[in-house]
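Engineer: 3D model of this:
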Amino acid sequence: MSNIKRHDGAGEGDVEAFLARVREMPAPAASGGRGRLVLAMDATMSRQPGWDMALSIQGSMFAEAGRVGGLDVQLVYFRGFDECRASKWTPDTDGLARLMSGIRCQGGRTQIGRVLKHLKAEAARGKVSACIYIGDALEEPIDGLAQVAGEIGLLGIPVFMFQEGHDKTAEMGFREIARLTRGAYFRFGSNAAGILRELLAAVAVYAAGGFAALENHSAQRGGAATLLLNQMK
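Structural biologist: Here you go, the predicted model:
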């Protein structure tokens, strides 16, 4: 990988609110014939308890996107002291999942600003369909993050902000980033793995193939994918 410098379960209302935000977004452009999804993760020490569960969920997301085809994924993560890295874009979701399994959490502060700036830089080099961010904290001034998030929103890149836990500062910031990018916010707990897995898979399918791919995915899988489809109609 190259450095970028180059609880409780979710209720039905939470799911509906998340899907309502997704409904407002336009389908990703079909230019180039492939979707590109950035998967960004907080790998600081506070995430360690839920890390293995997150890896399993993201593996399922990769599997669903792989069945659709036409999706390149880039992994971005931060941890430790000033470490923030990004992988190459790759269609090999199995290989990327194996790469993720070798990452270990390390103590450090959040670096969400660097993630957002990286996302903007990637968009300048080529189309980015969507970004998924998974974390549990926010330790940076929200005004600076909001400025970059607004710029990303103008580029048409929705950021799906997934929060683990109940940190109020993180929730406020995550919601604002999602709003400014026309993405969506969702909070999950340790027993919400099932619905989170379905939502992540549906977002990946949407990034890979747009509305038509999500329709097909919904017909085969149902569940959260069907809810997502119904909200987008």
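
Engineer: tell me which other helices or strands the helix or strand hosting residue 216 touches.
Structural biologist: Using DSSP states H and E, residue 216 sits in helix 193-221. Secondary-structure packing of helix 193-221 (3 or more Cβ pairs under 8 Å, 6 or more residues apart in numbering; DSSP states H and E): helix 12-23, strand 35-42, helix 48-68, strand 71-79, strand 130-135, strand 159-164, strand 184-188, helix 223-232. No exception for glycine: its C-beta is placed from N, CA and C like everyone else's.

Engineer: endpoints of stretch 80-88, how far apart?
Structural biologist: 21 Å (Cα to Cα, to the nearest Å).

Engineer: bridging residues for the residue nearest in space to the middle of the chain?
Structural biologist: For the chain, residue 132 is the residue whose C-alpha lies nearest the centre (Cα atoms, centre = their mean; 0.9 Å). Beta bridges link residue 132 to residue 39, residue 160, judged by DSSP bridges.

Engineer: what is the mean pLDDT for stretch 115-130?
Structural biologist: Stretch 115-130 shows a mean pLDDT of 94.

Engineer: oops, could you answer that again for stretch 40-47 instead?
Structural biologist: Stretch 40-47 comes out at a mean pLDDT of 90.

Engineer: need the residues that contact that stretch.
Structural biologist: Applying Cβ atoms under 8 Å, 6 or more residues apart in numbering, the contact partners of stretch 40-47 are 51, 54, 75-80, 103-110, 112, 115, 119, 131-137, 164.

Engineer: buried among these? Need that as a selection in PyMOL.
Structural biologist: Buried subset of those, written as a PyMOL selection, criterion 16 or more other Cβ atoms under 10 Å:
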select buried, resi 51+54+75+76+77+78+79+80+103+105+108+110+112+115+119+131+132+133+134+135+136+137+164
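
Engineer: least trustworthy helix or strand in the protein by mean pLDDT?
Structural biologist: When each helix and strand of the chain is scored by mean pLDDT, DSSP states H and E, strand 2-3 comes last, with a mean of 44.

Engineer: which helices and strands sit right next to the helix or strand where residue 123 lies?
Structural biologist: Assigned by DSSP H and E, residue 123 falls within helix 112-125. Packing partners of helix 112-125 (3+ Cβ pairs under 8 Å, 6+ apart): strand 35-42, strand 71-79, strand 83-86, strand 130-135, helix 142-154, helix 168-180.

Engineer: what about 6 Å?
Structural biologist: Under the contact definition 3 or more Cβ pairs under 6 Å, 6 or more residues apart in numbering; DSSP states H and E, helix 112-125 sits against helix 142-154.

Engineer: what's the helix it packs on in contact with?
Structural biologist: Contact with helix 142-154 is made by 112, 113, 116, 117, 119, 120, 173, 176, 177, 180, 181, 182, as judged by Cβ atoms under 6 Å, 6 or more residues apart in numbering.
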